[in-house]
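Asks: Take a look and give me a structure for this.
(chains A and B)
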Protein chains: 2
Amino acid sequence: MKAKIHVTLKNGVLDPQGKAIEHALGTLGFDGVDAARQGKYIELDLTETDKAKAQAAVEEMCKKLLANTVIENYSIELE
Amino acid sequence: MKAKIHVTLKNGVLDPQGKAIEHALGTLGFDGVDAARQGKYIELDLTETDKAKAQAAVEEMCKKLLANTVIENYSIELE
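Replies: Model (predicted):
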């Protein structure tokens, strides 16, 4: 089973990488960009085949390692 | 219009961040992880309302700034 995880900064948390992208795009002449935010995208290959168990395990991984839940949100897709 | 961009390393390109995640998950006792890959996730707010034009502009942004197409793939979703 494959897990696709998105880790994004919570609203209101300063996002210097996003700001840098925004600024660089402006410098390159791309004018139509109002805002940019950057997050992380993680793909895991899991041996677990039960969806509910896999979901629980990946949630645990996100809380313990992959996301800093003070400032970041995470979302999980299993397939 | 919002663009969601995934930038991932091409197959065969060494992914030290992914390896670090894999190893750290193992250390924390999560055994069922065969492989981990890490990429970037970028959200852009665009003023453009025409989907075809937005797609073309974002492709251009990916090629010029957001992805290193020698070692990275990108995918774009517009909504």
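
Asks: Relative to B:Gly18, how far out is the residue of chain A most remote from its centre?
Replies: In chain A, A:Gly29 marks the outermost C-alpha relative to the chain mean, sitting 27.3 Å out by CA atoms, centre = their mean. For A:Gly29, the distance to B:Gly18 equals 34 Å [CB to CB, to the nearest Å]. (Each C-beta comes from the backbone N, C-alpha and C, glycine too.)

Asks: related to what we said a few turns ago, using the three-state scheme, assign the residue farthest from the centre of chain A.
Replies: The local conformation at A:Gly29, judged by DSSP: H, G, I helix; E, B strand; the rest coil, is coil.

Asks: Could you list which residues are in contact with it?
Replies: Not one residue lies near A:Gly29 by CB atoms under 8 Å, 6 or more residues apart in numbering or on different chains.

Asks: how about it, phi and psi?
Replies: phi 100, psi 10 (degrees, to the nearest 10).

Asks: likewise the one 10 residues further on?
Replies: With angles defined as degrees, to the nearest 10, A:Gly39 sits at phi -130, psi -170.

Asks: do A:Val33 as well
Replies: Dihedral angles of A:Val33 (phi, psi; degrees, to the nearest 10) stand at phi -110, psi 110.

Asks: Would you confirm that it contacts A:Lys19?
Replies: No: judged on CB atoms under 8 Å, A:Val33 makes no contact with A:Lys19 at a distance of 11.5 Å.
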